[in-house]
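Enquirer: the following block contains a protein sequence and its predicted model.
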Amino acid sequence: MEEKGLVLVYTGKGKGKTTAALGLALRASGHGAKVFMVQFNKNNPKYGEIQAIQKFLPDFTVVQSGKGRIMVRGQLLQEDIDESRNCFLQGKEALLSQSYDLVIFDEINIAMDYGLLAVEEVLQLLSERPPHVDVVLTGRSAPQEIVDAADMVSEVNEIKHHFSAGTKARKGMEF
């Protein structure tokens with residue numbers, strides 16, 4: 001009998017939500033799982049994790065989307081909405097295909113919080129997913145309905161950050 005897939009949420013204002021999801025994906029990959037990840041508003045193929053996935057994890061597919069620009073609530077462009085919709089649909093297709101054991105929707109919580117995606121649509125997808133597939137949703141401001149539907153929620157909170165002391169983003173640390 002296959003194990004029931006879980007819905008895992010990494011949220012909060014601290015650094016490390018995507019990193020936690022990637023750590024889980026690495027662990028799953030080590031046990032032979034096929035992984036699919038869509039990244040909302042992240043489109044840099046030079047990120048260290050993307051390069052490592054391409055070099056070492058042939059059963060891990062990543063789709064990036066968006067322009068990578070900082071979006072401002074209330075000042076969203078139609079292309080932001082279109083990019084988020086396309087990203088969601090690619091993740092949905094992967095999730096429903098039954099080709100993957102773990103599907104990660106990186107930064108989807110922000111997309112919902114900004115109104116780029118309807119919370120109800122994401123909840124509907126979670127209810128339709130194949131029973132054995134694990135799903136991870138990351139990003140700040142996870143809607144309460146998503147938290148309620150999840151099997152596990154971890155909140156990452158910033159206590160101290162080296163950016164506050166003037167340290168710039170470093171290769172291998174932030175990207």
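Expert: That came in fine, so what should we check first?

Enquirer: identify the bridge partners of the residue nearest the centre of the chain.
Expert: In the chain, the residue lying closest to the centroid (Cα atoms, centre = their mean) is D106, at 1.3 Å. Counting by DSSP bridges, D106 is bridged to Q39.

Enquirer: can you tell me how far it is from V7?
Expert: 15 Å (Cβ to Cβ, to the nearest Å). All C-beta atoms are positioned from the backbone trio N, CA, C, and that covers glycine.

Enquirer: which ones are touching the residue nearest to the centre of the chain?
Expert: For D106, the contacting residues are 18, 21, 37-40, 42, 136, 138-139, by Cβ atoms under 8 Å, 6 or more residues apart in numbering.

Enquirer: from the residues you listed, which is closest to L117?
Expert: F40 (8.6 Å; Cβ to Cβ).

Enquirer: run a quick neighbour tally on the closest one.
Expert: F40 is flanked by 28 other residues according to other Cβ atoms under 10 Å.

Enquirer: residues near the closest residue to it other than its chain neighbours, how many?
Expert: Spatial nearest neighbour of F40, excluding adjacent residues (Cβ to Cβ, 6 or more residues apart in numbering): E107 at 4.1 Å. E107: 24 surrounding residues under other Cβ under 10 Å.

Enquirer: check what pLDDT E107 gets.
Expert: pLDDT, E107: 96.

Enquirer: what sits against the residue lying closest to S65 once chain neighbours are set aside?
Expert: Nearest residue to S65, sequence neighbours excluded (Cβ to Cβ, 6+ apart): C87, at 3.9 Å. C87 makes contacts with 38-40, 63, 65-66, 111, as judged by Cβ under 8 Å, 6+ apart.
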